[in-house]
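*Asks:* sequence and predicted structure below; questions after.
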Amino acid sequence: MSKYLIAGNWKMNTNLDEAKIITDGLHSFINYDSEVEMLICPPYTHLGFLSEIVDLSRISLGAQNVHYEESGAFTGEISNDMLLSVGCEYVIIGHSERRTLFCETDVNINKKVVNSLKAGLRVILCIGETLEERESGLTNSVLKEQLNIGLAGVVDTINLKIAYEPIWAIGTGRTASTDQITETHGFIAEFLKNRFGANTIKILYGGSMNSDNAKEILSILNVNGGLIGGASLKSESFLAIYNSALELC
Ligand code: PEP
């Protein structure tokens, strides 16, 4: 099992040509290492094409969302089977932008988590608090609720990862402090240990991670990787974060 997972969430960015430029840039890098897994999560429309041109033994491919139903009258939605059929290995579920902009609830996020795991995808479940919740001392209770509901019915955790993403740190240039990350990742690790026994579930940090702060963040106890938005859109900055993880192995 790799030590770190460095995952890029491209969100609704890049056309196909731009996607190819990023992946070409990533491919040109030779220092791939089994200790650090690289994952890119482009828009749905690019997945089939990228799975043809990406060396999937060096770069894993993931989606940014999925629907929990297998098939049917769900216009505009994408199923687990569709993702698997285009070479997609991972799916991000419950990103805060899905929760706030598209009204996703812990209950429907849980349906996605359960069904994606059942389908054989690797799931990155995102959790995180708002600034108001943090300032009111509610961080741990918010995360506990997101984990309790989001993971209901989950037994086999081999394909499960958690991404802790304080909402106030996403796309803002403001990262959580080392103390905040240490405390919060410690809380999540303890929750997972109590819930599932021996805990080998990776916990990623997400929120304005970049080439300057990655090494410090990735060296914190219980930080097993990063979920990176803005800095994953340029191969140079994404590779610099990947290299920071390599240096820590
Ligand atoms: C994200 O959207 O998951 C994220 C962490 O974004 P950024 O790195 O841009 O803050």
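*Replies:* Sure thing, it's come through.

*Asks:* contact residues of the protein facing the ligand?
*Replies:* 9, 165, 170-171, 206-209, 227-231 (Cβ under 6 Å from any ligand atom). From N, CA and C alone the C-beta is placed, and that goes for glycine too.

*Asks:* and which of the residues you listed is nearest to Val107?
*Replies:* Proximity of these to Val107 (Cβ to Cβ) peaks at Glu165, which lies at 19.7 Å.

*Asks:* show me what contacts the nearest residue to the closest one once chain neighbours are set aside?
*Replies:* Closest residue to Glu165 apart from its sequence neighbours, by Cβ to Cβ, 6 or more residues apart in numbering: Gly206 at 3.7 Å. Residues in contact with Gly206, defined by Cβ atoms under 8 Å, 6 or more residues apart in numbering, are Asn9, Cys126, Gly128, Ala163, Tyr164, Glu165, Ala169, Ile170, Gly226, Leu227, Ile228, Gly229.

*Asks:* ok, the fifth one touching Gly128?
*Replies:* Yes - in this structure, Tyr164 sits in contact with Gly128. The criterion is Cβ atoms under 8 Å, and the distance is 6.2 Å.

*Asks:* what's the overlap in contacts for those two?
*Replies:* With Cβ under 8 Å, 6+ apart as the test, Tyr164 and Gly128 both reach Leu143, Gly206.

*Asks:* phi and psi next, for the residue of the chain found nearest the ligand.
*Replies:* Closest residue of the chain to the ligand, Cβ to the nearest ligand atom: Gly229 (2.2 Å). Dihedral angles of Gly229 (phi, psi; degrees, to the nearest 10) stand at phi -90, psi -90.

*Asks:* now swap in Ala214 and tell me
*Replies:* phi -60, psi -40.

*Asks:* enumerate every residue touching it.
*Replies:* Residues in contact with Ala214, defined by Cβ under 8 Å, 6+ apart, are Gly226, Ala240, Ile241, Ser244, Ala245.

*Asks:* mind listing which of those residues are in strands?
*Replies:* Per DSSP state E, strands hold the following members of the contacts of Ala214: Gly226.

*Asks:* what's the farthest-apart pair in the contacts of Ala214?
*Replies:* Once Cβ to Cβ is applied, these give Gly226 and Ala240 as the farthest pair, at 11.7 Å.

*Asks:* these two - which one has more neighbours?
*Replies:* Gly226 (28 against 16; other Cβ atoms under 10 Å).

*Asks:* and the nearest residue to the more buried one once chain neighbours are set aside, how many neighbours?
*Replies:* Leaving aside its sequence neighbours, Gly226 sits nearest to Met209 (Cβ to Cβ, 6+ apart; 4.7 Å). Applying other Cβ under 10 Å, we find 28 residues neighbouring Met209.

*Asks:* surely Glu247 touches Glu216?
*Replies:* No - if you go by Cβ under 8 Å, Glu247 and Glu216 don't touch, sitting 11.6 Å apart.

*Asks:* checking my notes, the residue nearest to Gly226 in a helix, right?
*Replies:* No - when classified by DSSP: H, G, I helix; E, B strand; the rest coil, Met209 is found to be coil rather than part of a helix.

*Asks:* tell me the pLDDT at it?
*Replies:* pLDDT, Met209: 97.

*Asks:* longest single helix anywhere in the chain?
*Replies:* Identified as the longest helix of the chain according to DSSP state H is helix 178-196.

*Asks:* any buried residues in that helix, and which?
*Replies:* For helix 178-196, the neighbour count (16 or more other Cβ atoms under 10 Å) marks Ile181, Thr184, His185, Phe187, Ile188, Ala189, Phe191, Leu192, Phe196 as buried.
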